[in-house]
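Student: need a structure here:
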Amino acid sequence: MARLSVCMVVANYPPHGGGSERQCALLARHLAQRGIDVTVLTRRLDEADSAAAPGVTVHRLGRTLAGRWSRAIGFGFAIVRHLRAQRYDIVHCHGFEPLALAGVVAQQVHALYERLVAT
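Tutor: Residues are numbered from 1 along each chain as shown. Model prediction:
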């Protein structure tokens, strides 16, 4: 039986961020301890990398562009590209913002692709 795979999308990830970021890290660690493949997609803020828990893969996406909206749009497109290239059983977006929108768009693109391939 294949292992369940979960992708978590969060704006920031430790060592950056606050409550939702800590919640994401805690949940990712507990899921990985239970044998679930966990991937975290988060923004690239600087060159510092986080020490992920064993079994948790962290991808820092996007570029460190100037301007809040430029970073948000760049991160959103990077999420969609990643989710189109990888398959997960569950995609969990922490927080609203553009993250949830990117997740919905990626899911719809994937569903459309599946329908086109099936015909």
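
Student: all contacts plus neighbour counts: C-alpha atoms, from now on.
Tutor: Fine.

Student: point out where this protein drops to low pLDDT.
Tutor: Applying pLDDT under 70 to the chain picks out residues 1, 46-51, 64-66, 68-69, 96-108, 110, 119.

Student: ranges for the strands of this structure?
Tutor: Under the criterion DSSP state E, the chain contains strands at 5-9, 37-43, 56-61, 90-93.

Student: in a markdown table: those strands, plus distance to Ala118 and mean neighbour count.
Tutor: Putting those into a markdown table (distance: least, CA to CA, whole Å; neighbours: other CA atoms under 10 Å) gives the following:
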| stretch | distance to Ala118 | mean neighbour count |
| --- | --- | --- |
| strand 5-9 | 23 | 21 |
| strand 37-43 | 27 | 22 |
| strand 56-61 | 31 | 20 |
| strand 90-93 | 22 | 17 |
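
Student: any chance you could list what contacts stretch 55-75?
Tutor: 28-29, 32-33, 37-46, 50, 52, 77-79, 98 (CA atoms under 8 Å, 6 or more residues apart in numbering).

Student: just stretch 33-41 next, same as before
Tutor: With CA under 8 Å, 6+ apart, stretch 33-41 has contacts from 3-10, 28, 31-32, 55-61, 79.

Student: before we move on, what about stretch 109-119?
Tutor: Contact with stretch 109-119 is made by Arg84, as judged by CA under 8 Å, 6+ apart.
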